[in-house]
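Novice: sequence first, predicted model second:
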Amino acid sequence: MTIIDIIKQDYQRFPEDQTYNLYAQNVYFKDPLNQFNGVERYKQMIGFIRQWFIDVQLDLHDISQAENIIKTRWTLSWTTPLPWKPRVSIPGWSELKLNSEGLISSHIDYWDCSRLDVVKQILPKTR
């Protein structure tokens, strides 16, 4: 099974049962809200998503590899645990860099919307 196949499977079951051994121990992760190093910190972030968000879905629209760079295009969505249960959806893409051992050494997520656009999805709808 190739790394592309494993990533596809991880997206389908996200945030459950992720394949963390694809990542270098000191992996660099960045998205519009977080920036850190380390696979243990990455596991904690996924655990937070699994614990606090409802009906999490990560739809993979495209995945491609050119040498040591894997790019994915996706939409992440979940129901927020607030009384009015807003559904949040973030379209975006990721760039994963592989090191010489074939492990992901850098995982950078980009959103196609602003953080404010995400917050607006959480606010109660006014009439």
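Specialist: Arrived safely.

Novice: in the chain, which spans are strands?
Specialist: For the chain, the strands defined by DSSP state E occupy 23-30, 35-37, 54-66, 69-79, 87-98, 104-111.

Novice: give me the neighbour count for I108.
Specialist: Residues near I108, counting by other C-beta atoms under 10 Å, number 14. For the C-beta atoms, the positions are set from N, CA and C on the backbone; glycine is no exception.

Novice: and it, how far from H61?
Specialist: Separation of I108 from H61 (C-beta to C-beta, to the nearest Å): 18 Å.

Novice: K71 now?
Specialist: Where H61 is concerned, K71 sits at a distance of 11 Å (C-beta to C-beta).

Novice: could you give the mean pLDDT of stretch 34-42?
Specialist: What stretch 34-42 shows for mean pLDDT is 97.

Novice: endpoints of that stretch, how far apart?
Specialist: In stretch 34-42, first residue to last residue: 10 Å (C-alpha to C-alpha, to the nearest Å).

Novice: in it, what counts as buried?
Specialist: Using 16 or more other C-beta atoms under 10 Å as the test for burial, stretch 34-42 gives 39, 42.

Novice: then stretch 6-16?
Specialist: Buried residues in stretch 6-16, counted by 16+ other C-beta under 10 Å: 7, 10-11, 14-15.

Novice: from those residues, pick the one nearest N34.
Specialist: Taking C-beta to C-beta as the measure, N34 lies nearest P15 of these, at 14.5 Å.

Novice: show me the contacts for E16.
Specialist: Counting by C-beta atoms under 8 Å, 6 or more residues apart in numbering, E16 makes contact with R50.

Novice: try F53
Specialist: The contact partners of F53, taken as C-beta under 8 Å, 6+ apart, are 78-81.

Novice: how about a cut-off of 6 Å?
Specialist: F53 sits next to W78 when contact means C-beta atoms under 6 Å, 6 or more residues apart in numbering.

Novice: and if you look at Y42?
Specialist: Contacts of Y42 (C-beta under 6 Å, 6+ apart): F29.
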